[in-house]
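>>> Coordinates for the following, if possible.
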Amino acid sequence: MTVESGPRGSGGRGPGTRRAGVVLVVALVVLVALAVVAAVLAATGTGPQLPSGSPEATVQDYLQLVHDHDLDGAAGLLDPDHGCTVDDLEQAYVERDARMVLRDSDVRGDRATVRIEIVRGSGGPFGVDTWTSEERFDLVRDGDRWVITGEPWPMYTCSSPGKEGR
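Modelled structure (predicted):
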């Protein structure tokens, strides 16, 4: 007894089998394209978009400028009355692979505090070792913008005297 499942010479593959194969190939191509788009967006993403002009956005801009080694731009977000300068930023060490995470913020009138967590990691004998530290940024309103005051990360001391110390 002979059972045939498709036209002679098709090897048992009829039009329905070919259509299923085409659908499978198209689905795989779409999945690969989506994976590539997701990878590109993840690699080039700059983090969440915070409200423009907010203390959180000021800290985010400062951290991005420090990371990009645009120290003049970063110094432009520092309180001019405090005295930290580009020279102080040039002395600071910034780990290139560190990740910054916004933890919380508190705004009270013309003063604000923004807390971030810095996540660092390295390959160790047991895989990736990570450790975190919390940093606090104090900000004051300077006209229509927020500026960072004190000695913010990555600086722990500013050698330039502030205007009040002159």
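
>>> Give the rounded mean pLDDT of the lengthiest strand in the chain.
Across the chain, the longest stretch assigned as strand under DSSP state E is strand 127-142. Across strand 127-142, the average pLDDT comes to 89.

>>> What is it packed up against?
Where contact means 3 or more Cβ pairs under 8 Å, 6 or more residues apart in numbering; DSSP states H and E, strand 127-142 is packed against helix 55-67, strand 111-124, strand 145-149. Heads up, the C-betas are built off the backbone N, CA and C, glycines and all.

>>> Let's verify Cys84: helix, strand, or coil?
Under DSSP: H, G, I helix; E, B strand; the rest coil, Cys84 falls in the coil class.

>>> nearest residue to it other than its sequence neighbours?
Cys158 (4.0 Å; Cβ to Cβ, 6 or more residues apart in numbering).

>>> name the element that neighbour belongs to?
Using DSSP states H and E, Cys158 is not contained in any helix or strand.

>>> Look at it and say how many residues are nearby.
Per other Cβ atoms under 10 Å, the neighbour tally for Cys158 reads 20.

>>> which residues touch it?
Listed by Cβ atoms under 8 Å, 6 or more residues apart in numbering, the contact set of Cys158 reads 82-85, 88, 151.

>>> and which of these is nearest Arg108?
His82 (19.0 Å; Cβ to Cβ).

>>> Can you list the low-confidence ranges for the protein?
Confidence mapping of the chain against pLDDT under 70 gives the ranges 1-16, 26-48, 123, 127, 160-166.

>>> Where does Arg103 sit: helix, strand or coil?
Assigned with three-state DSSP, Arg103 falls in the strand class.

>>> And it, how close does it get to Ile116?
To Ile116, Arg103 is 6 Å away according to Cβ to Cβ, to the nearest Å.

>>> if you count what's nearby, which of these two comes out ahead?
Neighbour totals were compared for Arg103 and Ile116, and Ile116 leads with 21 against 12 (other Cβ under 10 Å).

>>> quick one, what contacts that one?
Ile116 touches 59, 63, 100-103, 134-135, 137, counting by Cβ under 8 Å, 6+ apart.

>>> Gly121 too?
By Cβ under 8 Å, 6+ apart, the neighbours of Gly121 are 97, 128-131.

>>> hmm, back to that, which neighbours do Arg103 and Ile116 have in common?
Counting by Cβ under 8 Å, 6+ apart, the common neighbours of Arg103 and Ile116 are Glu134.

>>> so Leu102 touches Thr58, yeah?
No. If you go by Cβ atoms under 8 Å, Leu102 and Thr58 don't touch, sitting 11.9 Å apart.
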